[in-house]
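*Asks:* Fold the following, please.
(chains A and B)
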2 protein chains.
Amino acid sequence: MLISELDTPALLIDLDIMERNLAKVAAYAKKHDLRLRPHTKTHKIPALARRQLELGAAGITVAKTTEAEVMLKAGPADLLIAYPVVGAAKLERLRALAEKTHVTVALDSLEAARMIADAGIRAGILVEVDVGLGRMGVTPDQATLLVEEIIRLPRVEWRGVAFYPGHVKDPNNEQEIAQLQTAILELVDRFVAMRIPAPIVSGGSTPLLWHSHRFDGLNEIRPGTYIFNDRNTWAGGACARQDCAATMMATVVSVQGGRMMIDGGSKTFSSDKLSTGGPGFGEIVGAPGALFHKMNEEHGYVDISKAERGFAVGDRVSVLMNHVCTAVNMQERIYGIRGDEVVETWVVEGRGKLQ
Amino acid sequence: MLISELDTPALLIDLDIMERNLAKVAAYAKKHDLRLRPHTKTHKIPALARRQLELGAAGITVAKTTEAEVMLKAGPADLLIAYPVVGAAKLERLRALAEKTHVTVALDSLEAARMIADAGIRAGILVEVDVGLGRMGVTPDQATLLVEEIIRLPRVEWRGVAFYPGHVKDPNNEQEIAQLQTAILELVDRFVAMRIPAPIVSGGSTPLLWHSHRFDGLNEIRPGTYIFNDRNTWAGGACARQDCAATMMATVVSVQGGRMMIDGGSKTFSSDKLSTGGPGFGEIVGAPGALFHKMNEEHGYVDISKAERGFAVGDRVSVLMNHVCTAVNMQERIYGIRGDEVVETWVVEGRGKLQ
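*Replies:* Residues are numbered from 1 along each chain as shown, chains lettered A, B, ... in the order given. As a prediction, the model looks like this:
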C-alpha cells in the first residue's frame, strides 16, 4: 500500500530511521557494557519489543501490569515493571507474569514490597531512589534501611536500585552531572560497605542517554523514546532532526485567511507541550513559518499567515510531534514506511493499558 | 460488583448525577423549543447516545466518520458530523453512513462540499460560520456566497448554519453576549433576505449552555460535556460541583514526605489544564490542601504538604478531572456506579476513532 492511500490522521514510522536508532543505542550499550532494558511504553507494540530483544536488549521495561501482559508476546526473558504493583488485581496479574518470565518490580516502600511477598509471588525488587527529581524514590539513607528490610522478606529477591534523573535537562551542565555522579557512587558505596553490593544499578533518562557511560557505578539503562525520537528528544539534544522516525500525517480540513485547521487535536497528538517550553504542538514539516499553536480535541490550529507556502483543503501535511509516547498511546494502529510505501501495520496492542 | 473490587485507575460515573444532567438539559431544550443534538465525543459509548435519544434528542453529533460508524449502534435517525469530511476513505465511510441514516456534515469550504457532491453522496450540509473563535468557519459575508454555490451542487442539500462560540467564556459578559446575538441575527437575516431562510441554526458551547434560549434565531444546540460535567464545566459556571458525575479512582503508589504519587498521569487523565487557567490536573476529592500539580505519563504528582489528611501506599483517592472528554478517550472501559456498587461497565467503543 502507498502512504497516500492511508486515511488521516496516521502516525508513520520511517523504518530506516527506526532501525538506525535501535542499532545505535544497542551498539552504545554494548560498547560501554551497560545492560539495555528498553522501556516499551513508547511504542506499546510487542513486535517492536521483540526487535529490541533481537538487537541485544537484556530485557524490557514496562510501567503497568496490563502493559506487561501485552509485552509477554515479545518473549522477554526478563521483565521490569518500573512502577510499584499495588492492589489485589495487579498482584494477581503479577503472579501470573512471574510464572511466565523473570519479573522485577521497582518500588519505594516496605508496604509495596510486603504486598508482593505476602501474596507469595516470586519477583525481584529494585529499590527506587530519588536522585533529585522529586517523583518516586527514597533518599539514599532510607534506601539502605529499606533494602535491609526487604532482604528479610520471603520469596522476593532484592536485585538493586533504580533511579530516574529527570531533573537533569542539560548533559553539558557539568555541575549537575557531577552531583548526579556523586549521588550514584555514594549510593553504590553504601551497599558495598554493608557487604550487599547492588547487582543492578539502573538509571538514565532521554537527555542523558549518550552520557550514561560517564557515570561510574551505573550498569543498566532503560531508554524508551530513542526508538522513534520526537521534538522533545531533539530539543533536549539527545538526537538530531534526522533521527526523528515518527511523524503524524494529517489533512487540511479548513483554510480561512491566515489560518488552517488540520484533522487532529489533543485526541490525536496529546496536549503535551514541548518540554523545553518552546511554542507549538508540533512542527509542520516543510512549511517554515507555519505555527501549530493551539488545539481542541479534534482540531489543530495552524497559523499560516507567515508560512513560506500556501495550503488548500485536502492537502496533507506531516507533523513532527512534541511527544511521540503519548501520541502513540491514542492510535489504534501505527504504520511503518519506506519511501512512499507502507510496509508495516502495527496494532498498538498496549494502548490504554492503564492498570 | 463493589467499586472497591475495581482495579485502578478507573473512571467512574455516578449514574444518578448523570441521569439528572441528561434530564435537565433535555427539559431545558424542550422548554425553549431548541433541537438538542448532543455531541457524543464526551462519552463515545453507543448505549449513552441511545439514552440521549430516548430522552428526546433530535439526533446526535460526532466529530469523525469512524466515530459515526460506532454511533450507528445507537440508532440515530439523524447524525451530524460536525467536521469536514475530506479524503477518499472518509468519503467512502460517509457514503455507507448516508445509506443507513440521515447524515449532515458541517464544513466551511466549497472544496469540502464539492467532494461530497462529486462522490455522489446524499448528505445534508451545514455551513460553518466563524462568530469570533477563529477556528473553523467562514465570515457571514462569505457564508451567503458559499451557500449560493452549495445550493447548486447535485445531491447535497443545504440545511443551515453551524457555529461554535468558544471564545465567549463568561455568559455574564453582557457585551460579548450582545455581540454574539447581533452576529447570529445578522446571519439569519441575510438568508431571509435572500429568500432561503436557514432551516437549522446550530450553535452553543458549554459555558453558554443555559443561556442558549437568550439567542434569538438559534434553534439547535449540540452540548457534549453536560452528560458528565467536569472541573472545566464547573469552573466555567455551567454546572455546580454536585453536578459532576465523573471521577477517576486512583491508587496511591508512593508517599515520600510531603508528596505522593497516584497511578495515573497524562495517559490516564490527559495533560489538559483547567481552561480557566487555574492550577492542577484535577481535584483530589475530600483532601483540601492536596495539589495534583504535575504529571508524567503514568505518574500523578500530588503535593500533600498542606493537605488536611494523611495518605499511605495503597489508599484510594477520587479525582475530579479537568477535562472528562479527553480522559474518557483513553479508557478501555468506564463504570457506572450507584452507592458502593458498579452497576454498569461500558466499553468506550469510540475510543481512538480518529479518522
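*Asks:* can you pull out the helices in chain A?
*Replies:* A:15-31, A:46-54, A:65-71, A:88-100, A:110-118, A:140-151, A:174-193, A:231-235, A:266-269, A:324-328 (DSSP state H).
*Asks:* Can I get the fourth one as CSV, trimmed to CA atoms?
*Replies:* This points to helix A:88-100. C-alpha atoms of helix A:88-100 as CSV (Å, rounded to 0.1, in the frame of the first residue of the first chain):
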residue,chain,number,x,y,z
ALA,A,88,-5.2,-7.1,44.6
ALA,A,89,-6.0,-7.2,40.9
LYS,A,90,-2.5,-6.0,40.0
LEU,A,91,-0.9,-8.6,42.3
GLU,A,92,-2.8,-11.4,40.7
ARG,A,93,-1.5,-10.2,37.3
LEU,A,94,2.0,-10.0,38.7
ARG,A,95,1.7,-13.6,40.0
ALA,A,96,0.7,-14.8,36.5
LEU,A,97,3.5,-12.8,34.9
ALA,A,98,6.1,-14.2,37.4
GLU,A,99,5.1,-17.7,36.5
LYS,A,100,5.9,-17.0,32.8
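*Asks:* what sits up against that helix?
*Replies:* Contact with helix A:88-100 is made by A:65-66, A:68-69, A:72, A:79, A:81, A:85, A:103, A:105, A:115-116, A:119-123, A:355, B:6-7, as judged by CB atoms under 8 Å, 6 or more residues apart in numbering or on different chains. Glycine gets a C-beta too; all of them are placed from N, C-alpha and C.
*Asks:* repeat that with 6 Å
*Replies:* The contact list for helix A:88-100 (CB atoms under 6 Å, 6 or more residues apart in numbering or on different chains) reads A:Thr65, A:Ala68, A:Leu72, A:Val85, A:Val103, A:Ala119, A:Ile121, A:Arg122, A:Ala123, B:Asp7.
*Asks:* Around chain B, pick out the residues from the stretch 201-350 of chain A.
*Replies:* Residues of the stretch 201-350 of chain A lying close to chain B (CB under 6 Å from any CB of the partner chain) are A:251, A:253-254, A:261, A:266-268, A:271-272, A:298-299, A:313-314, A:326, A:329-330, A:332.
*Asks:* hmm, back to that, out of the contacts of helix A:88-100, who's nearest A:Phe292?
*Replies:* Set against A:Phe292, the nearest of these by CB to CB is A:Ala68 (34.6 Å).
*Asks:* Just give me the residue right at the centre of chain A.
*Replies:* The centroid of chain A falls nearest to A:Gly224 when counting by CA atoms, centre = their mean (3.2 Å).
*Asks:* That residue - nearest residue in space that isn't next to it in sequence?
*Replies:* The spatially closest residue to A:Gly224, leaving aside those adjacent along the chain, is A:His39, at 3.3 Å (CB to CB, 6 or more residues apart in numbering or on different chains).
*Asks:* and the one you found, what is it in contact with?
*Replies:* A:Thr61, A:Arg222, A:Gly224.
*Asks:* Mind doing that once more with 8 Å?
*Replies:* Counting by CB under 8 Å, 6+ apart, A:His39 touches A:Ile60, A:Thr61, A:Val62, A:Ala63, A:Ala82, A:Arg222, A:Pro223, A:Gly224.
*Asks:* Which residues does it form beta bridges with?
*Replies:* A:Thr61 (DSSP bridges).
*Asks:* And for A:Val129?
*Replies:* Here A:Val129, judged by DSSP bridges, has bridge partners A:Val138.
*Asks:* burial count for it?
*Replies:* Neighbours of A:Val129 under the rule other CB atoms under 10 Å in any protein chain shown: 24.
*Asks:* roughly how far apart are it and A:Tyr164?
*Replies:* 9 Å (CB to CB, to the nearest Å).
*Asks:* Now for those two: what residues contact both?
*Replies:* Shared contacts of A:Val129 and A:Tyr164 (CB under 8 Å, 6+ apart): A:Gly137.
*Asks:* In JSON lines, list the helices of chain A along with mean pLDDT, distance to B:Leu153 and mean neighbour count.
*Replies:* As requested, the helices of chain A are arranged in JSON lines below (pLDDT from 0 to 100; distance: least, CB to CB, whole Å; neighbours: other CB atoms under 10 Å in any protein chain shown):
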{"stretch": "helix A:15-31", "mean pLDDT": "98", "distance to B:Leu153": "42", "mean neighbour count": "17"}
{"stretch": "helix A:46-54", "mean pLDDT": "98", "distance to B:Leu153": "46", "mean neighbour count": "20"}
{"stretch": "helix A:65-71", "mean pLDDT": "98", "distance to B:Leu153": "47", "mean neighbour count": "23"}
{"stretch": "helix A:88-100", "mean pLDDT": "98", "distance to B:Leu153": "55", "mean neighbour count": "17"}
{"stretch": "helix A:110-118", "mean pLDDT": "98", "distance to B:Leu153": "64", "mean neighbour count": "20"}
{"stretch": "helix A:140-151", "mean pLDDT": "96", "distance to B:Leu153": "71", "mean neighbour count": "16"}
{"stretch": "helix A:174-193", "mean pLDDT": "94", "distance to B:Leu153": "63", "mean neighbour count": "15"}
{"stretch": "helix A:231-235", "mean pLDDT": "96", "distance to B:Leu153": "41", "mean neighbour count": "22"}
{"stretch": "helix A:266-269", "mean pLDDT": "98", "distance to B:Leu153": "30", "mean neighbour count": "26"}
{"stretch": "helix A:324-328", "mean pLDDT": "98", "distance to B:Leu153": "36", "mean neighbour count": "26"}
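*Asks:* Which stretch among those approaches B:Gly277 most closely?
*Replies:* Nearest of the helices of chain A to B:Gly277, taken as CB to CB: helix A:266-269 at 16.7 Å.
*Asks:* Okay, now the unreliable bits of the stretch 151-300 of chain A?
*Replies:* Residue ranges of the stretch 151-300 of chain A with pLDDT under 70: none are present.
*Asks:* Just the buried residues of the residues of the stretch 201-350 of chain A next to chain B.
*Replies:* The neighbour count (16 or more other CB atoms under 10 Å in any protein chain shown) marks A:251, A:253-254, A:261, A:266-268, A:271-272, A:298-299, A:313-314, A:326, A:329-330 as buried among these.
*Asks:* Farthest-apart pair in those, please.
*Replies:* Greatest spatial distance among those (CB to CB): A:Val313 and A:Asn329, at 29.3 Å.
*Asks:* if we can go back for a sec, and the residue nearest to the centre of chain A, how far from A:Asp230?
*Replies:* Counting by CB to CB, the gap from A:Gly224 to A:Asp230 is 11 Å.
*Asks:* cool, A:Pro76 as well?
*Replies:* Using CB to CB, one gets 24 Å for the distance from A:Pro76 to A:Asp230.
*Asks:* for A:Val103, same thing?
*Replies:* Distance of A:Val103 to A:Asp230, given as CB to CB: 29 Å.
*Asks:* Give me the domain ranges for chain A.
*Replies:* A:3-10+A:239-347, A:16-228 (automatic domain parsing).
*Asks:* can you redo the ones you listed as CSV with distance to B:Ser202?
*Replies:* Output for these, formatted as CSV (distance: least, CB to CB, whole Å):
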stretch, distance to B:Ser202
domain A:3-10+A:239-347, 17
domain A:16-228, 38
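*Asks:* Most remote residue from the middle of chain A, which is it?
*Replies:* In chain A, the residue that sits farthest from the middle, by CA atoms, centre = their mean, is A:Gly257; the gap is 39.0 Å.
*Asks:* List the residues that contact that residue.
*Replies:* For A:Gly257, the contacting residues are A:Ser305, by CB under 8 Å, 6+ apart.
*Asks:* One more pass at 10 Å, please.
*Replies:* Residues in contact with A:Gly257 (CB atoms under 10 Å, 6 or more residues apart in numbering or on different chains) are A:Ile304, A:Ser305, B:Asp130, B:Gly134, B:Val138, B:Thr139.
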